[in-house]
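# below are the sequence and a predicted model; questions follow.
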Amino acid sequence: MNKTIWINRLVDHLIWIVLALTIVVVTLTIDGFFQFINLSNVLLHGTVLGLLSIGAATALISGEMDLSLGVNMGFVGYLVAWMSLGEGDIGSGWNLNPILAGLIGVAVGVAIGWVNGSLVTRLKMNSFLVTLGTLIVLGGLTYVVNQARTLNGIKPTLLILGGEKSFGVPNSVILTAFAFGIAIFISRFTSGGRRLYAVGSNAVAARAAGIDPGAVKRRMFMVAGGIAAVAGLLIIGELGSAPANVGQGVIFEVFAATVIGGVSLTGGRGSYFDVLGGVMLLSIIGNALNLTSIDPFWVEPIRGFIILFAVFLDSQRETLRLWLLKHAILPTHSEI
Amino acid sequence: MCLEATGATKIYGKTTVLQNVSMNVFKGEIHGLVGRNGAGKSTLVGGITGLVTLDQGHVIFDGVKLEPGNPEFALKAGIALVPQQMSSFPTLSVGENLLVGRLPIGKRGLVNWKQVWEMAEATLKLVGLDVNPRVSMASLGVASRQMVAIAQALSRSAKLIILDEPTAALAKPEITKLFKLIKNLAESGVAIIYISHHLQEVFEVTDRVTVLRDGLSRGTFQTSEISSDDLIREMGARSALIKRARKSQTHHSTSEYHKDNVLLEVNGLSKENAFSKISFEIHSGEILGLTGLEGCGKHEVVQTLFGLQRASSGTATYGGSSNNAQRPREAISRGMGYLSQDRRGESIFEQFNVADNLTITVLDRLQNKWGVQFPSKAEKVAKNGISMYSIICTGPDQIVGTLSGGNQQKVALGKMLESGPSLLLLEEPTQGVDIAAKAGITTIVVEACEQGAGVLLVSDEIETLLQVTDRVIVLFKGSQIAEFNTEDLDSETLIRAIEGTDA
């Protein structure tokens, strides 16, 4: 019995084993990987990816998709920078208080989520297509705001989240770790979290159990939109500027991290803890490829292959589980 | 002789679902096959078509012994089944549906569409269906789709066509049309096995009729020589000696005590195309049975009461309000609990463990004042539920999808009872569960009742209805046609009412 539990746990959290192996391999083969400054870079890259993955995982667990998270982040980041800048800095000329601008930005992110959620739950539109639509709309709107010009001279207050450190650790890393902590806590210890899984697992049964799947999903889209907006505040701080194309295309890596972290595309299954593992794996791979002397044009295809391999491993999860249970290679008592 | 099945026997585990059944069908004959749910009709048909591998016995068709468990062989020999729920391809054209898997291929390996439409038109002519084979299957009505299915069988030059409940979804004029077609086919020499719950139809269209009961054959009769009363008696219930499980002992005391306490009052409840003017009351401590043939509206009535469907008129008064519940959440808060007949689709969360399932309706009660809900608390509730409802599992952590059907049903029932409902709507609570689980489930329901709950029990099982209910209401095609006091009710009267032969 004990053995079965351990095998199940091992297979469920397979990503952490893959991650550990990857770290060992990368450390041994790539010079300069296992150094404090580089590891700090890895974590830094994982912040935006991590926050967006929390949003994407939340959507997937409830049985829906949100493709618009990446451009939501980009749009909000650009908007906030623009609102807080003066005319001389090719901004809006409003010179809005950066904190107020940030709050407005988060509200805009939540509003985008509300639009997505309302279209999906009230008008019964497919979430893949709805958020594909909002993705295109928002991507375009970001260019509309200021003729696609990159905004420089971001206000110092807006650099605190993404560009500064506390106790030697980047604030964005602390924020992301905090966000994962909250997500894990909510998903395991609150009724709201449990309802999210129930709705994604079987919406009909959830409705019959007195849960309103539409309300849960609307709330979910708003939370995801809000998280994406926070990521928007983060990324302008990290970059120190706001390019109009920021966040475009990032959603693919977000989905890869989420799925590698074991979140089911059909809803009802997934752990934020494992999503964190998936995020770190992709960050490390990205970082390691940059450290090698590989032709930079080859970096993307290789990264793609590695992602495909990780997804393949994920798809073989149940086969592995059965194989392990059958052969029971693990010791009977909990030595692991 | 066209078809001869001899000594057909099928055993699943410990249950014999078909025992030494023999049946023969002549060329050009319309042969009825009747029996209550679970009598063994589908198994026998499965044995003939090869979809079920018989444990004993054999089937000879047109002088050829059929290979057991080989549906392709039976199909090639000329046996075609038109199932109750047709599996067609709604987005494809009628022509493709007719010729699926054997589309004519032209010289260059491409589909020869001209030939497809020609063949389809010729085939449709066989059943007298005047539709363009180029239109999509979805654009046809139910009756036409049924005709297409029959046409498909004919186009494979079937010599025996088995129709399983062909009129279930048809209106009167369509049924007449179908009967005309069946009779024409028989005249042209095709043999037909006609399975139906509707005895009037059996009398109208069949030449002979074979009756199954509890997996045994009650014999084959000339339809013209048997009366509908005799036929019903042959279909009958397990035995005439059914004793009510909860008659006098506990029942009297509670029902006397709560007599005036009306939990649910339904008044003239109607829903278009589903049911009309349904009225009844449920008292505290009472079990009211609701039954009728498939499609009689009983499922819709229950779903409407629970707020899953909308009524077009009428009221349901319970839990201090006379409004119909707009959504399940409201129904639950007014003290209603619902157990769906579709256990896997609508009741349980298969990927979740027992604890998560049992606590899903009471999540808010498990959290502390900070909104935090520790899994240990859910586990405690679950352990309690597991022992209370005798759920056989390895513990609160076991995934519900891996439990047996009976124990899944107990989880579904426990989940519903966890919110403390005073009015239970139960659809087929003992469907597809073994005898031990059945007894366990019945006990849970009766106990809830003794504690003052009222129960609306929707069931097809005559025995269950007679054993546990106080009164039974029968629906027929959406209307409430009979109400019985279970104490003075015997199974034959009930079956007659259900079949609509005694309205």
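That came through fine.

# can you pull out the low-pLDDT segments for the chain?
Answering for chain A, as no chain was given. A:1, A:329-336 (pLDDT under 70).

# my question was about chain B
For chain B, the ranges with pLDDT under 70 are B:85-87, B:169, B:237-260, B:432, B:435, B:502-503.

# taking chain B, what residue is nearest to chain A?
residue B:363 (3.4 Å; C-beta to the nearest C-beta). (Glycine included, C-beta is placed from N, CA and C.)

# need phi/psi at the closest residue to chain B within chain A.
Per C-beta to the nearest C-beta, residue A:191 is where chain A lies closest to chain B, at 3.4 Å. Here the main-chain torsion angles of residue A:191 (degrees, to the nearest 10) amount to phi -70, psi -30.

# what's the next secondary structure element after whichever strand or helix holds residue A:257?
Assigned by DSSP states H and E, residue A:257 belongs to helix A:250-260. Moving toward the C-terminus from helix A:250-260, the next helix or strand (DSSP H and E) is helix A:272-291.

# enumerate the residues of the stretch 151-300 of chain A near chain B.
Residues of the stretch 151-300 of chain A lying close to chain B by C-beta under 8 Å from any C-beta of the partner chain are A:188-191, A:194-195, A:197-198, A:201-202, A:204-212, A:268-269.

# at 7 Å what do you get?
With C-beta under 7 Å from any C-beta of the partner chain as the criterion, the stretch 151-300 of chain A meets chain B at residues A:188-191, A:194-195, A:198, A:201-202, A:204-205, A:207-210, A:212, A:268-269.

# three-state assignment of the residue nearest the centre of chain B?
By C-alpha atoms, centre = their mean, chain B has its centre lying nearest to residue B:294, at 6.0 Å. Following DSSP: H, G, I helix; E, B strand; the rest coil, we place residue B:294 in the coil state.

# and it, what does it touch?
Contacts for residue B:294 (C-beta atoms under 7 Å, 6 or more residues apart in numbering or on different chains) come out as residue B:168.

# need phi/psi at it.
The phi and psi values for residue B:294, taken as degrees, to the nearest 10, are phi -50, psi 130.

# sec struct for the residue of chain B closest to chain A, please.
Residue B:363 ends up helix, using three-state DSSP.

# element containing the most centrally placed residue in chain A?
What sits nearest the mean C-alpha location of chain A, by C-alpha atoms, centre = their mean, is residue A:53, with 1.7 Å. Assigned by DSSP H and E, residue A:53 belongs to helix A:36-61.

# can that helix be said to contact chain B?
No - applying C-beta under 7 Å from any C-beta, one finds helix A:36-61 out of contact with chain B, separated by at least 11.6 Å.

# circling back to that earlier point, quick one: the helix holding residue A:257 to chain centroid distance?
7 Å (C-alpha atoms, centre = their mean, to the nearest Å).

# what about residue B:30, how many neighbours?
Neighbourhood size, residue B:30 [other C-beta atoms under 10 Å in any protein chain shown]: 25.

# what's the answer for residue A:164, then?
12.

# kindly report the same for the one 5 residues further on.
Residues lying near residue A:169 (other C-beta under 10 Å) number 12.

# check residue A:21 too.
Neighbour count of residue A:21, defined by other C-beta under 10 Å: 10.

# next one: phi and psi at the nearest residue to residue B:426 once chain neighbours are set aside?
With sequence-adjacent residues excluded and distances taken as C-beta to C-beta, 6 or more residues apart in numbering or on different chains, residue B:426 is closest to residue B:339, at 4.7 Å. Dihedral pair for residue B:339: phi -110, psi 110, per degrees, to the nearest 10.

# from what I can see residue B:339 touches residue B:427, true?
Yes - at 6.0 Å, residue B:339 counts as touching residue B:427 under the criterion of C-beta atoms under 7 Å.

# those two: who's more crowded?
Neighbour count, other C-beta under 10 Å: between residue B:339 and residue B:427, residue B:339 has more, with 25 against 22.

# and the helix holding residue A:53, what's buried?
Using 16 or more other C-beta atoms under 10 Å in any protein chain shown as the test for burial, helix A:36-61 gives A:38, A:41-61.

# name the nearest residue to residue 313, sequence neighbours excluded.
Unless you meant another one, I'm taking chain A. Closest to residue A:313 by C-beta to C-beta, 6+ apart is residue A:18, at 6.6 Å.

# looking at chain B here, not the other one
residue B:270 is the one closest to residue B:313 (C-beta to C-beta, 6+ apart), at 4.8 Å.

# before we move on, the earlier item: which ones are touching the residue nearest to residue B:426?
Applying C-beta under 7 Å, 6+ apart, the residues contacting residue B:339 are B:347, B:412-413, B:416, B:425-427, B:429.

# is it possible to get JSON lines of the residues you listed that adds secondary structure?
Below are the contacts of residue B:339 laid out as JSON lines (three-state DSSP):
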{"residue": "B:347", "secondary structure": "helix"}
{"residue": "B:412", "secondary structure": "helix"}
{"residue": "B:413", "secondary structure": "helix"}
{"residue": "B:416", "secondary structure": "helix"}
{"residue": "B:425", "secondary structure": "strand"}
{"residue": "B:426", "secondary structure": "strand"}
{"residue": "B:427", "secondary structure": "strand"}
{"residue": "B:429", "secondary structure": "coil"}
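
# would you turn these into TSV with distance to residue A:25?
TSV is the format used below for these (distance: C-beta to C-beta, whole Å):
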residue	distance to residue A:25
B:347	47
B:412	48
B:413	52
B:416	52
B:425	59
B:426	58
B:427	56
B:429	56
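
# which one among the residues you listed gets closest to residue B:284?
Ranked by distance to residue B:284 (C-beta to C-beta), the contacts of residue B:339 are led by residue B:425 at 15.3 Å.

# I'd guessed the closest one sits against residue B:303; true?
No - using C-beta under 7 Å, residue B:425 is not in contact with residue B:303; the gap is 8.8 Å.

# who has more neighbours out of these two?
residue B:425 (25 against 21).

# stretch A:123-136: how far from the chain's middle?
19 Å.

# now it: buried residues?
So for stretch A:123-136, counting by 16+ other C-beta under 10 Å, buried means A:127, A:130-131, A:134-135.

# the inter-axis angle of the helix or strand that the helix holding residue A:53 is followed by versus helix A:36-61?
As assigned by DSSP H and E, the chain's next helix or strand after helix A:36-61 is helix A:69-84. Angle, helix A:69-84 to helix A:36-61, by axes from the mean of the first three to the mean of the last three C-alpha atoms, to 10 degrees: 110 degrees.

# could you please name the strands the strand or helix carrying residue B:194 pairs with and the direction of each pair?
Using DSSP H and E, residue B:194 sits within strand B:191-195. Paired neighbours of strand B:191-195 in the sheet (DSSP bridges): strand B:30-34 (parallel), strand B:160-164 (parallel).

# picking that back up, need the buried residues of stretch A:123-136 in TSV (columns: secondary structure).
Below are the buried residues of stretch A:123-136 laid out as TSV (three-state DSSP):
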residue	secondary structure
A:127	helix
A:130	helix
A:131	helix
A:134	helix
A:135	helix
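
# got the domain boundaries for chain B?
Domains of chain B are assigned by automatic domain parsing as B:3-235, B:240-335+B:421-503, B:351-419.

# okay, these in JSON lines with distance to residue A:99 next?
Converted to JSON lines, the domains of chain B look like this (distance: least, C-beta to C-beta, whole Å):
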{"stretch": "domain B:3-235", "distance to residue A:99": "54"}
{"stretch": "domain B:240-335+B:421-503", "distance to residue A:99": "39"}
{"stretch": "domain B:351-419", "distance to residue A:99": "28"}
